[in-house]
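*Asks:* below is the sequence, then the predicted model.
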Amino acid sequence: LQVPRAPSQPLAGSESRRFTNKHSKKALKASLTLGILLGMFFVAWLPFFITNVAQAVCDCVPAGFFDVLTWLGYCNSTMNPIIYPLFMRDFKRAMGKFLPCCRRSAEPRPSAISLSMRNSNSGARAGTSLKNVL
């Protein structure tokens with residue numbers, strides 16, 4: 001006995017392939033960014049933690065070397081604000097809205113009133129004007 005199959009829809013197949021390709025590109029970019037961030041974190045902080053344990057066990061680590069490894073970790077922390085905008089478009093847009101040095105000239109600066117109205121879940125109410133609110 002053969003079970004009849006429903007006819008496949010070629011349009012849905014191409015849409016699902018397109019969605020899969022777009023999703024896989026985003027996932028690849030996200031995993032690349034995460035890999036770079038974690039890789040830099042381990043390269044910068046792992047020597048510090050290993051040296052810290054060695055210092056506790058044998059007291060054989062020079063103070064200058066320990067300071068260098070500490071500053072290597074601090075440098076990693078200063079690199080994060082540089083790495084995020086390079087690899088994440090959403091982060092770059094968000095920072096561009098609030099930092100005057102990164103804002104486009106055609107983009108107006110949001111006012112404090114519009115930010116508070118946007119962040120409060122109240123929205124515009126009937127019969128309430130901005131003049132009455134202030």
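*Replies:* Great, that's in hand.

*Asks:* contacts, neighbours, all on C-alpha from now
*Replies:* Fine.

*Asks:* so which elements touch the helix or strand hosting M95?
*Replies:* M95 is part of helix 89-98 when elements are defined by DSSP states H and E. Contacts defined by 3 or more CA pairs under 8 Å, 6 or more residues apart in numbering; DSSP states H and E place helix 89-98 against helix 63-87.

*Asks:* packing partners for the helix it packs on?
*Replies:* When contacts are defined as 3+ CA pairs under 8 Å, 6+ apart, helix 63-87 packs onto helix 10-58, helix 89-98.

*Asks:* with only the CA atoms kept, save stretch 58-72 in PDB.
*Replies:* Backbone C-alpha positions of stretch 58-72 (Å, rounded to 0.1, in the frame of the first residue of the first chain) are rendered in PDB as follows:
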ATOM      1  CA  CYS A  58      54.400  29.000  45.800                       C
ATOM      2  CA  ASP A  59      54.900  32.700  46.200                       C
ATOM      3  CA  CYS A  60      57.200  32.800  43.200                       C
ATOM      4  CA  VAL A  61      55.700  35.400  40.900                       C
ATOM      5  CA  PRO A  62      57.400  38.700  40.600                       C
ATOM      6  CA  ALA A  63      55.200  41.700  41.400                       C
ATOM      7  CA  GLY A  64      56.000  43.400  38.100                       C
ATOM      8  CA  PHE A  65      54.900  40.400  36.100                       C
ATOM      9  CA  PHE A  66      51.700  40.200  38.100                       C
ATOM     10  CA  ASP A  67      51.000  43.900  37.400                       C
ATOM     11  CA  VAL A  68      51.600  43.400  33.700                       C
ATOM     12  CA  LEU A  69      49.100  40.500  33.600                       C
ATOM     13  CA  THR A  70      46.600  42.600  35.600                       C
ATOM     14  CA  TRP A  71      46.900  45.400  33.100                       C
ATOM     15  CA  LEU A  72      46.500  42.900  30.200                       C
END
